[in-house]
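Enquirer: Provide a 3D model corresponding to the input given below.
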Amino acid sequence: MRLINVIRGGIVASSSALLLTACAAQVPEPPTEKAAEKPIEKKVLLIGLDGIRTDILAEADTPNIDALIADGAFSDTAVTRHPTVSGPGWSSMLIGVWADKHGVLGNDFAENNYDQYPDFLTRIEQVDPKLHTFAVVDWLPLGGDDSGGPLISDSVDTLVAIDGYEGGFAAADARSLEIAVQHLTTQDPDAAFVYFGNTDEIGHEFDSLAPEYRAEIEKADGYVGDLIAALRARPTYGDEDWLILMSTDHGRRDDGGHGGDTEIEKRIFFLASGPSVVAGELPETPEIVDVAVTALTHLGIEIDPAWELDGEPVGIQ
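Expert: Predicted coordinates:
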């Protein structure tokens, strides 16, 4: 199934009905005895939380993220590069190359080089179209044509882009969660990306030290818990090896701003959890470009040197 849907305003009844109808039509059958004999299927869920400052993440009450860290591999000293804004940050994370290759230096994506350096979901479709890819985002340049986007191409099987600026990112994040949970529980994705943008919006509206910013991180943690519960509710979950990846696009200053070359703006986190993860604190310093390469490697996709990827697989066997 290929569904490319741009939702402006966060909640559109007709668009929602289209998505839910399409999903309901393909509810997977319960595993049969024959299916249980199949090899374990490797799958990836990448959760992106925009604009997370790692020291505030550590102070916040985040039981769901903490549980993933306890059973996984984690670094709160991972790094991105200048310029520390969302355009280059998400491009580097989802592609696996730095800005000198993907061409995005700000939140104007017009000079992108995505034809040569596509996002990891598109790369999966190019290598093995039988694998099902899914993404839901509420910052439109990631999945729509605003500001020179999209970063994620229309090769992805199911791509839902919600306009977080119409109706607010809080409502858009909640809608993104609803769509993602529906898809994860009723479809059979092999690689998925779910993006939440309101953490960054609240960081700008208040500041990085404000209780409102910490509370929004805690709210996002609840969304993470809902996504993990959706995976575990899948009838085929016992026959699947889910790699849960989580990261952010940049850090931020005390005043909530970012974009500069300071350590606090470049510092991000990297989290990998799942049966194939080597548990424990990562001894090396992961980079944002490692995320996509780790996802591809887990899925068994051989990294072609011609792709010129800058990242390396991190934290997995």
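
Enquirer: Neighbours of residue 304, how many?
Expert: 10 (other CB atoms under 10 Å). Where you see a C-beta, it was placed from the backbone N, CA and C, and this is true even at glycine.

Enquirer: Just the local confidence number for it, please.
Expert: At residue 304, the model reports a pLDDT of 98.

Enquirer: now do the one 5 residues further on
Expert: On pLDDT, residue 309 comes in at 98.

Enquirer: before we move on, what about the one 5 residues further on?
Expert: Model confidence at residue 314, given as pLDDT, is 97.

Enquirer: ditto for residue 11
Expert: At residue 11, the pLDDT value in this model is 37.

Enquirer: what do you get for residue 7?
Expert: Per the predicted model, pLDDT is 59 at residue 7.

Enquirer: three-state assignment of residue 264?
Expert: helix (DSSP: H, G, I helix; E, B strand; the rest coil).

Enquirer: so which helix or strand takes in residue 100?
Expert: For residue 100, the host element (DSSP states H and E) is helix 99-102.

Enquirer: Tell me which stretches of the protein form strands.
Expert: For the chain, the strands defined by DSSP state E cover 3-8, 41-49, 73-79, 133-137, 158-163, 191-196, 240-247, 267-273, 280-281.

Enquirer: Output these as CSV; include the columns distance to residue 169 and mean neighbour count.
Expert: CSV is the format used below for the strands of the chain (distance: least, CB to CB, whole Å; neighbours: other CB atoms under 10 Å):
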stretch, distance to residue 169, mean neighbour count
strand 3-8, 13, 19
strand 41-49, 12, 23
strand 73-79, 24, 20
strand 133-137, 11, 27
strand 158-163, 9, 25
strand 191-196, 8, 28
strand 240-247, 18, 22
strand 267-273, 20, 25
strand 280-281, 32, 11
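
Enquirer: comparing these, which gets the lowest mean pLDDT score?
Expert: Ranked by mean pLDDT, these bottom out at strand 3-8, which scores a mean of 56.

Enquirer: The helix holding residue 100 - what's its average pLDDT?
Expert: Per-region confidence: helix 99-102 scores 98 on mean pLDDT.

Enquirer: Distance to residue 226 added to the strands of the chain, as a markdown table?
Expert: Output for the strands of the chain, formatted as a markdown table (distance: least, CB to CB, whole Å):
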| stretch | distance to residue 226 |
| --- | --- |
| strand 3-8 | 19 |
| strand 41-49 | 11 |
| strand 73-79 | 21 |
| strand 133-137 | 13 |
| strand 158-163 | 17 |
| strand 191-196 | 10 |
| strand 240-247 | 13 |
| strand 267-273 | 16 |
| strand 280-281 | 26 |
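
Enquirer: just checking, what packs against the helix holding residue 100?
Expert: With contacts defined as 3 or more CB pairs under 8 Å, 6 or more residues apart in numbering; DSSP states H and E, the packing partners of helix 99-102 are helix 86-95.

Enquirer: now the angle from the helix it packs on to strand 191-196?
Expert: Per axes from the mean of the first three to the mean of the last three CA atoms, to 10 degrees, the angle that helix 86-95 makes with strand 191-196 is 160 degrees.

Enquirer: which residues are contacting stretch 99-111?
Expert: Contact with stretch 99-111 is made by 81, 83, 85-88, 91-92, 95, 112-114, 116-117, 141, 147-149, 151, 308, 310, as judged by CB atoms under 8 Å, 6 or more residues apart in numbering.

Enquirer: List buried members of these by neighbour count.
Expert: Buried members of the contacts of stretch 99-111, counted by 16 or more other CB atoms under 10 Å: 81, 83, 85-88, 91-92, 95, 112-114, 117, 141, 147-149, 151, 310.

Enquirer: So which bits of stretch 222-234 are buried?
Expert: Neighbour-count burial for stretch 222-234, counted by 16+ other CB under 10 Å, picks out 223, 224, 225, 227, 228, 230, 231, 234.

Enquirer: Surely the fourth one is in contact with residue 179?
Expert: No. With contact defined as CB atoms under 8 Å, residue 227 does not reach residue 179; the gap is 11.2 Å.

Enquirer: hang on, the earlier thing: I'd like the distance from the helix holding residue 100 to the chain centre, please.
Expert: 20 Å (CA atoms, centre = their mean, to the nearest Å).

Enquirer: ditto for stretch 265-285
Expert: Taking CA atoms, centre = their mean, one finds stretch 265-285 lying 15 Å from the centre of the chain it belongs to.

Enquirer: Can you get me the start-to-end distance on it?
Expert: End-to-end distance of stretch 265-285 (CA to CA, to the nearest Å): 16 Å.

Enquirer: again, but for stretch 69-76
Expert: 11 Å.
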